[in-house]
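Student: Fold the stuff below for me.
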Amino acid sequence: MEQTYLEPKAYKPIMAGLFTGIVATVLNIFYDIFYRGSTGFQLTPLINVATIIFGTLLVLLVAGSIYAILARFVRQVNIVYILLFLILTVYAVFLTMHVQRAADPVLITQFRGLLLGIVIISGTLTIFLVPYLATHETSII
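Tutor: Sure, this is the predicted structure:
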């Protein structure tokens, strides 16, 4: 007797978001190490390894969930999702360029550079990798 299991519609997009979150977390940590090593930036209370790990994973898990919700209600889900997260990424980059984290202009510039790289890496992977993994047959997820 062969059993067949129906895959829930939300499983693959959520797993795509989670896998993308893992990839983005690793890239963000490497970027953090490289950026801090090349600039000597040491202001760590806000952006550190723990916030990179949990923040990136949480944001991309939510992105996968949003993809699953859109897939249920929108016909051209990839186009709508890409446009939505492209707009959100551009808005996050705009907000990053206006962050005032310290009184010293050098620290402000270094903090913006670090945060901007993390936002761009996470945003780019969110825009392209989540829809790809959610719609293509892969053995990854």
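Student: Tell me the buried residues in stretch 16-31?
Tutor: With burial defined by 16 or more other C-beta atoms under 10 Å, the residues of stretch 16-31 counted as buried are 16-21, 23-25, 27-28, 31. Just so you know, the C-beta spots here come from the backbone N, C-alpha and C atoms, and that holds for glycine as well.
Student: for stretch 31-50, same thing?
Tutor: Across stretch 31-50, burial judged by 16+ other C-beta under 10 Å covers 31-32, 35-36, 41, 47.
Student: what ranges do the helices span in this structure?
Tutor: 11-39, 49-73, 77-96, 105-135 (DSSP state H).
Student: what helices or strands is the first one leaning on?
Tutor: Taking 3 or more C-beta pairs under 8 Å, 6 or more residues apart in numbering; DSSP states H and E as contact, the helices and strands that helix 11-39 lies on are helix 49-73, helix 105-135.
Student: Need those helices in TSV (columns: mean pLDDT and distance to Met97).
Tutor: Formatted as TSV, the helices and strands packed on helix 11-39 follow (pLDDT from 0 to 100; distance: least, C-beta to C-beta, whole Å):
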stretch	mean pLDDT	distance to Met97
helix 49-73	94	19
helix 105-135	93	6
